[in-house]
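Peer 1: sequence and predicted structure, then a few things I'm wondering about:
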Amino acid sequence: MKLTKSFDRSLWVFHVNAASCNGCDIEIVAALTPRYDVERFGIKLVGTPRHADVLLVTGPVNTQMADRVRRIYEQTPGPKAVLIIGNCGASSGVYYDSYCIQGPFDEFIKKVDPNAIIVYVPGCPIRPEAIIMGVVEAWKALEKLRGEA
Amino acid sequence: MAKAPPYPLMIGPIHPALKEPTMFKFTLEGERVLDADLQPGFNHRGIEYLGMKRNPLQVLHLTERVCGICSAAHQFVFTRAVEHAAVIQPTERADYLRVLIAELERIHSHLLWAGVAGHELGFDSVLYYTWKIREDVQDILEILTGNRVNHSYYIFGGVRRDVSDEGIAKARKILQGYKKLEDTVLNIFLSDPTIAHRTRDVGTLTYDNAIKLCACGPLTRGAGVKKDVRFSWPCAAYGDMKNDFKVVIPSDYGYPNKGDIFSQVVVRLHETFEAIRMCDWVLDNLPKGPITSEPNLSALLMAKLRMAEGEAVARVEAPRGEDIHYVRLKKGKMEIDSWKVRVPTYGNIMSWITMFKDAQIADIPIIIASIDPCIGCMDRVTVVDGDSGKEKVLGMDEIKRLADRRARGWK
Ligand code: SF4
């Protein structure tokens, strides 16, 4: 499918909390509110994965959430990108040796979809500026997709 | 036509009204909630188990990540528990700085709650306004501790960083700005007809129920129960400031102690400004001296913590209520021998069930948000009956019966 230019100027995001500690989640909300205000770039938080282009995933994905996150990923229509917010998703962070962690999330999602577009936003917790940077990276990745199409 | 029978409604674990994964099962008749049930456990990360595999200095970083919103409170109470167990005395200046950060965190947490509550009422302008002013306190936290959310500020024997005069001046300036906003903020929340309409007499927790269900924090204070660990069991600098401040309950500000969501709005907002005055008080009275009694970290770890033997319980008033940590240390063992965290939300979830009774579907999000739940904090235990694998809900009588049996030495 050919992506139009307007697509990546209005990325809609859905936030999935996969057992995070909340640190990253409040920074996501902070990024949406006036000081950082990502809505001026067309980025909007939506209420269902079916409306979303980008999934913001926080947390290390525990056993309870693993299947649910997979289902959310599958419900998101393509083309889509996954933004892994925080160290948790990228490396399981401080919870790396816990018994109930199914992550790291990138490996987990690669099992579901080997071609998934994954963007990392490292930090524990990330700063709101880093989220904006992450979305820019997602733009670039999606633009690349347009070049190939 | 016959009346439609009651029907179930599931909300969660992922739902736009919930910021964190947890699941509710409602029984509804039309739009009215007849019964509510809660299934936690979606945010379980095994933190206590991880804590028992690491040494106290490493666990310090784990405690913050029990919950990112009240991270300083968890670290505060954990350091206090370990200090008790290992007999380490924090310095006086550190005691004051600890309280300063804890109160700044209360400001940020309560403003965050006010915004989220506005959002759940469908009043997004309030969300944007409160989160805009919340960024200022995040600035103070960043100036003083170096990070916005997980600060890593507390350490056994003191705190990690000293505050500079320049930092204090900046913090004072921002706090001054808040004081100017006090009337505006109170006006937005307390005289707005939309907020009053949606929160008055909604999600009521009565005085008796608050006591019976062992609720804690602003939730109980909204019902008029004077329960605040900062005053009833003061630690660190709270003991020194005890006489200058008092427990915030609505009747002191001209509102009835009804226990509905409006009372909680009153309590949380006034507590925010009370916390701002507390920060000012700490900055005024900050004693001079070292910030830690044990600057050498490896000596602290090897000599003091590793050789310590003992157990301790500590409690601190987190923004959401009373936070309790239990720690046991064994001599010669690097790792913590046992660690138990009882977070405020754990004490508060039971109140949900009575608060939901007879509510409307549209009130569900605000009632959920009203206790300021922190599922990330709470989801560390699941009670499963080992023999049958079935989940079991233990009532008060049952727990008492089991406790009696245990006390008599039966199994
Ligand atoms: S990366 Fe850190 S701050 Fe973010 S959810 Fe994980 S533990 Fe919390």
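Peer 2: Ah, there it is.

Peer 1: what does chain A put close to chain B?
Peer 2: Contacts of chain A with chain B, taken as C-beta under 8 Å from any C-beta of the partner chain, map to A:16-27, A:29-30, A:33-35, A:47-48, A:59-60, A:62, A:64-65, A:68, A:72, A:93-95, A:97-101, A:124-125, A:127. Every C-beta, even on glycine, is put in place using the N, C-alpha and C of the backbone.

Peer 1: for the ligand, what's its nearest residue on the stretch 51-200 of chain B.
Peer 2: Proximity of the stretch 51-200 of chain B to the ligand (C-beta to the nearest ligand atom) peaks at B:R65, 4.2 Å away.

Peer 1: ok now do the closest residue in space to that residue that isn't next to it in sequence, which residues does it touch?
Peer 2: Spatially, and ignoring its direct neighbours in sequence, B:R65 is nearest to A:C21 (4.3 Å; C-beta to C-beta, 6 or more residues apart in numbering or on different chains). Neighbour list for A:C21: A:59, A:88, B:45, B:64-68, B:71, B:376 [criterion: C-beta atoms under 8 Å, 6 or more residues apart in numbering or on different chains].

Peer 1: same check on A:I118?
Peer 2: Taking C-beta under 8 Å, 6+ apart as the definition of contact, the neighbours of A:I118 are A:81-82, A:84, A:106, A:109-110.

Peer 1: which ones among those residues are found in strands?
Peer 2: The subset of the contacts of A:I118 located in strands under the criterion DSSP state E comprises A:81-82, A:84.

Peer 1: re earlier: derive a PyMOL selection command for the buried subset of the residues of chain A next to chain B.
Peer 2: The following PyMOL line selects those of these that are buried, judged by 16 or more other C-beta atoms under 10 Å in any protein chain shown:
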select buried, chain A and resi 16+17+18+19+20+21+22+23+24+25+26+27+29+30+33+35+59+60+62+64+65+68+72+93+94+95+98+100+101+124+125+127
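
Peer 1: out of the residues of chain A next to chain B, which are inside strands?
Peer 2: Assignment to strands by DSSP E places the following of the residues of chain A next to chain B there: A:16-17.

Peer 1: which ones among the residues of chain A next to chain B also lie next to the ligand?
Peer 2: For the ligand, the contacts drawn from those by C-beta under 6 Å from any ligand atom are A:20-21, A:23-24, A:59, A:93-94, A:124-125.

Peer 1: return the member of the residues you listed nearest to chain B.
Peer 2: The shortest approach to chain B among those belongs to A:G23, at 2.6 Å (C-beta to the nearest C-beta).

Peer 1: hmm, the closest one is touching A:I85, no?
Peer 2: No: between A:G23 and A:I85 there is no contact, the gap being 10.0 Å when judged by C-beta atoms under 8 Å.

Peer 1: show me what the helix or strand of chain A at the bottom of the mean pLDDT ranking is packed against.
Peer 2: When the helices and strands of chain A are scored by mean pLDDT, DSSP states H and E, helix A:128-148 comes last with a mean of 81. Based on contacts counted as 3 or more C-beta pairs under 8 Å, 6 or more residues apart in numbering or on different chains; DSSP states H and E, the elements that helix A:128-148 packs against are helix A:23-32, strand A:54-58, strand A:81-85, strand A:117-121.

Peer 1: which helices and strands sit right next to the first one?
Peer 2: In this structure, helix A:23-32 packs against strand A:12-17, strand A:54-58, helix A:128-148, helix B:124-145, with contacts taken as 3+ C-beta pairs under 8 Å, 6+ apart.

Peer 1: point me to the residue of chain B nearest chain A.
Peer 2: When distances are taken as C-beta to the nearest C-beta, chain B approaches chain A most closely through B:G68, which lies 2.6 Å from it.

Peer 1: how far away is that residue from A:S10?
Peer 2: Using C-beta to C-beta, to the nearest Å, we find B:G68 at a distance of 29 Å from A:S10.

Peer 1: go on, A:G93?
Peer 2: Per C-beta to C-beta, A:G93 is found 31 Å from A:S10.

Peer 1: please identify the deepest-packed of the helices and strands packed on helix A:23-32.
Peer 2: For those, the stretch with the most neighbours on average is strand A:54-58, a mean of 27; neighbours defined as mean count of other C-beta atoms under 10 Å in any protein chain shown.

Peer 1: and that one with the ligand, contact?
Peer 2: Yes: Strand A:54-58 reaches the ligand (C-beta under 6 Å from any ligand atom) through A:T58.

Peer 1: what angle do that strand and strand A:12-17 make?
Peer 2: Between strand A:54-58 and strand A:12-17, the angle comes out at 20 degrees (axes from the mean of the first three to the mean of the last three C-alpha atoms, to 10 degrees).

Peer 1: and strand A:54-58, what's its mean pLDDT?
Peer 2: The pLDDT scores in strand A:54-58 average 89.

Peer 1: check the offset of that strand from the chain's centre.
Peer 2: Once both centres are worked out by C-alpha atoms, centre = their mean, to the nearest Å, strand A:54-58 turns out to sit 2 Å from its chain's centre.
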